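Trainee: Provide a 3D model corresponding to the input given below.
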Amino acid sequence: MDPHGPHHPGIDPGAAGAAWPPARAGRGRRLLRWLARATLAFVLGSVLVVGLLRWLPLPTSAVMLGDWIEHGRPPEHTWVPLEAIAPALALAVLAAEDQRFPDHAGFDFVEIQRALDEAEDGGRLRGASTLTQQVAKNVFLWSGRSWLRKGLEAWFTVLQEALWGKRRILEVYLNVAQFGSGLYGAEAAARRYFDKPARALTRAEAARLAAVLPNPERYRVEAPSAYVRGRAQRILEQMDRLGGSAFLERLD
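Mentor: Numbering: from 1, shown residues only. Now for the predicted structure:
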């Protein structure tokens, strides 16, 4: 009797196992090639899309499409160029949302560090998104929180800063920002709330619109709460502190 067990002629016990590693390696290489091609296609495609949107009006955004699907009706929205929006509204939005907008490259690391310090001191971790990041989320991405979404947000933020420039980013923001339930963009908001075009908004009206931006589903432009009135007053003060309309010249 063979002490090592039965032996089958013509079959090498090590041959079957030895054949698998090259097969697995082949599948791994194919997967890597596929991932590389998919990544390259995404990079080139996103660069092309963002580049084209440097010049084209945006008829809608990812957030508006989601709103339409959820509520079964198209949102109120009218695209207008930046020149057709009162400088007071542009300044009010910057005073409320992103006062370092002319100086950062899409990410406000000063504000990020401040938010982290406040959280370490026991406060609630708040957002520190710039206008550019908000445009990336609103125009290109889906709702929700995930590391994938944050990574894509960072990528589109970099693309916008590189391909659009500050004035275009501000123009897009003012056209896609939500100012109420189913209401997007400065022109639609000005006509609903004040019965006038966006170019005719006063400083006080602009500050009230900007005051609801943290949560336009909760805060109301018409019949504003004490919080909204107080926030609008603080925005007016910040508009003066920034230097008024001269602050917008730094975007050129």
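
Trainee: What strand or helix carries the spatially closest residue to Phe247 that is not a sequence neighbour?
Mentor: Using CB to CB, 6 or more residues apart in numbering and skipping residues adjacent in sequence, the residue nearest Phe247 is Leu91, 6.2 Å away. (Each C-beta comes from the backbone N, C-alpha and C, glycine too.) Using DSSP states H and E, Leu91 maps to helix 87-97.

Trainee: on that earlier part again, who touches the residue nearest to Phe247 in this structure?
Mentor: Leu91 is in contact with 206, 239, 242, 244-245, 247-248, counting by CB atoms under 8 Å, 6 or more residues apart in numbering.

Trainee: Looking at these, state which has the most neighbours.
Mentor: Ranked by neighbour count (other CB atoms under 10 Å), those have Ala206 at the top, with 29 neighbours.

Trainee: pretty sure that one is in a helix, no?
Mentor: Yes: Ala206 forms part of a helix when assessed by DSSP: H, G, I helix; E, B strand; the rest coil.

Trainee: Make 48 the starting number, not 1.
Mentor: Will do, 48 is the new start, and the previous item becomes Ala253.

Trainee: I'd say it and Ala142 touch.
Mentor: No: Ala253 is not in contact with Ala142 according to CB atoms under 8 Å; the separation is 9.6 Å.

Trainee: My guess is Thr125 contacts Ala233. True?
Mentor: No: Thr125 is beyond contact range of Ala233, at 9.0 Å (criterion: CB under 8 Å).

Trainee: Pick out whichever of those two has more residues nearby.
Mentor: The residue with more neighbours, out of Thr125 and Ala233, is Ala233; 30 against 16, by other CB under 10 Å.

Trainee: ok, and for stretch 185-202, which residues are buried?
Mentor: By neighbour count with 16 or more other CB atoms under 10 Å, stretch 185-202 contains the buried residues 185-188, 199-200, 202.

Trainee: Which of the contacts of Leu138 sits closest to Asp155?
Mentor: Distance to Asp155, by CB to CB, is smallest for Leu289 among these, at 15.2 Å.

Trainee: Not counting residues beside it along the chain, what's closest to the closest one?
Mentor: Leaving out its chain neighbours, the residue that sits closest to Leu289 by CB to CB, 6+ apart is Ala142, at 5.9 Å.

Trainee: pLDDT (mean, whole number) over the one helix or strand Asp114 maps to?
Mentor: Counting by DSSP H and E, the element that carries Asp114 is helix 109-118. Averaging pLDDT along helix 109-118 gives 93.

Trainee: And the next helix or strand past it?
Mentor: Next element after helix 109-118 (DSSP H and E): strand 123-124.

Trainee: would you list every one of the strands in the stretch 198-299 of the chain?
Mentor: 225-227, 230-231 (DSSP state E, counting those that start in this stretch).

Trainee: follow-up on the earlier one: the residue nearest to Phe294 and Arg265, how far apart?
Mentor: 24 Å (CB to CB, to the nearest Å).
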